[in-house]
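A.B. asks: Structure here, sequence nowhere to be found:
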């Protein structure tokens, strides 16, 4: 490879995957199994986390009983046992995961009104001992939340077309890659990580996904089936085509197709305010989002057959902007200049991110974020993957079989059942 086509590779201890900075006018090579490998790692992390939490289920039950009715708003790593005077769960996986996830509203302090997100009340996957399989609930308890960019102002139709094309060059699949300039920032008031429990999982099981997403693992402390709001059909029977057992839907084309569908959807959203309002869910409305609503809207709008059993929620990304040309000033921080003649590597047709002072003040960024700077990669994940731990079989001897079946039955999740 000659000098003009050489690719500059950046690596980081926090990212197994290298991000390629192409030289001017060149395009980085793509690995067709790039996304597949990362999703496979996510599946491994999820399955191992279930096994670990199940192994600590007696601890969790004991904590709930001893901590009392306010257990959801008590830091389990700091909780002191009245009898022994010790902190019995200080090193427990589930307890450290709970604290890292933080409360439901990560911008605010932990309280009875803002409890830890780890604790889940609702319907969860349950083991059917009669056939040795799991009954899953599509769109009910597991979900993907993604952010799509707000329509840039003052751009011509031609420039908007370039902006859409450029967005899906940088983020063509379901989840975003991790880069050396992205860090595990915490929210000041709650101590929660912007990555949720992703790093806890990666450290615990010594696997690195190479992704920059927020991972949320939840535990069902209150199984709640409301016969008024829910029916057996809507909770147990999938309303989408399911895959055969052992078909883990791990074809790279699945994720490329998802990216193409989002590109089509984004074009429609930018062309119609009514469609944008129908698709976008505001952050404050997420918990009120009807299961499967976005999936149905997308099918009606663009005819896309959403292949996963996780619910899909789409938010609007208000922190991003599009430029025909930027100059990468600092690789480690990802800071770019959007002005002419500022030096650095020239990058064309790029989306960049900038955060206002209010957002920065909510993060413990140690002075590394500035409202005057643009960044080539987002500092807050654009995707959230939220998964509820399936309920462990009442007969714990069935746990190995149950976990194995959970991983292969009705395989309509992006990395598990």
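C.D. replies: Received it, and whenever you're ready, just let me know what you need. Remember, it's a predicted structure, so these values are computed and weren't measured experimentally.
A.B. asks: what secondary structure does the residue lying farthest from the centre of the chain sit in?
C.D. replies: Computed with Cα atoms, centre = their mean, the residue of the chain farthest from its C-alpha average is residue 83, at 39.6 Å. Of the three states, residue 83 takes coil under DSSP: H, G, I helix; E, B strand; the rest coil.
A.B. asks: how far away is it from residue 75?
C.D. replies: 19 Å (Cβ to Cβ, to the nearest Å). C-beta coordinates here come from the backbone N, C-alpha and C atoms, glycine included.
A.B. asks: what's the answer for residue 162, then?
C.D. replies: Separation of residue 162 from residue 75 (Cβ to Cβ): 48 Å.
A.B. asks: ok, now residue 48?
C.D. replies: Distance, residue 48 to residue 75, by Cβ to Cβ: 24 Å.
A.B. asks: Show me what the longest helix along the chain is packed up against.
C.D. replies: Taking DSSP state H as the criterion, the chain has its longest helix at helix 34-55. Identification of packing neighbours for helix 34-55 by 3 or more Cβ pairs under 8 Å, 6 or more residues apart in numbering; DSSP states H and E yields helix 93-101, helix 198-205, strand 214-223, helix 252-271, helix 399-408.
A.B. asks: Show residues contacting the shortest one.
C.D. replies: Residues outside helix 198-205 that contact it (Cβ atoms under 8 Å, 6 or more residues apart in numbering) are 44-46, 48-49, 52, 93, 96-97, 100, 184, 193, 207-209, 211, 213-215, 217.
A.B. asks: hmm, try it at 6 Å
C.D. replies: 45, 48, 49, 96, 97, 100, 184, 208, 215 (Cβ atoms under 6 Å, 6 or more residues apart in numbering).
A.B. asks: Any of those buried? List them.
C.D. replies: 45, 48, 49, 96, 97, 100, 208, 215 (16 or more other Cβ atoms under 10 Å).
A.B. asks: Could you export those as TSV, including pLDDT?
C.D. replies: Shown next, in TSV, are the buried ones among the contacts of helix 198-205 (pLDDT from 0 to 100):
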residue	pLDDT
45	93
48	95
49	96
96	97
97	97
100	96
208	92
215	96
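A.B. asks: Closest to residue 138 out of those?
C.D. replies: residue 215 (20.2 Å; Cβ to Cβ).
A.B. asks: gap between the closest one and residue 61?
C.D. replies: Distance, residue 215 to residue 61, by Cβ to Cβ: 24 Å.
A.B. asks: how about the strands in the chain?
C.D. replies: 8-12, 15-21, 119-122, 126-128, 133-135, 143-149, 214-223, 311-317, 320-330, 335-337, 345-353, 374-375, 383-388 (DSSP state E).
A.B. asks: Rounded mean pLDDT for the shortest one, please.
C.D. replies: To tie it back to what came earlier, the one meant is strand 374-375. The average pLDDT for strand 374-375 rounds to 94.
A.B. asks: again, but for the fifth one
C.D. replies: Summarised as a single mean, pLDDT over strand 133-135 is 77.
A.B. asks: and that strand, how far out from the chain's middle?
C.D. replies: Counting by Cα atoms, centre = their mean, to the nearest Å, strand 133-135 is centred 24 Å from the centre of its parent chain.
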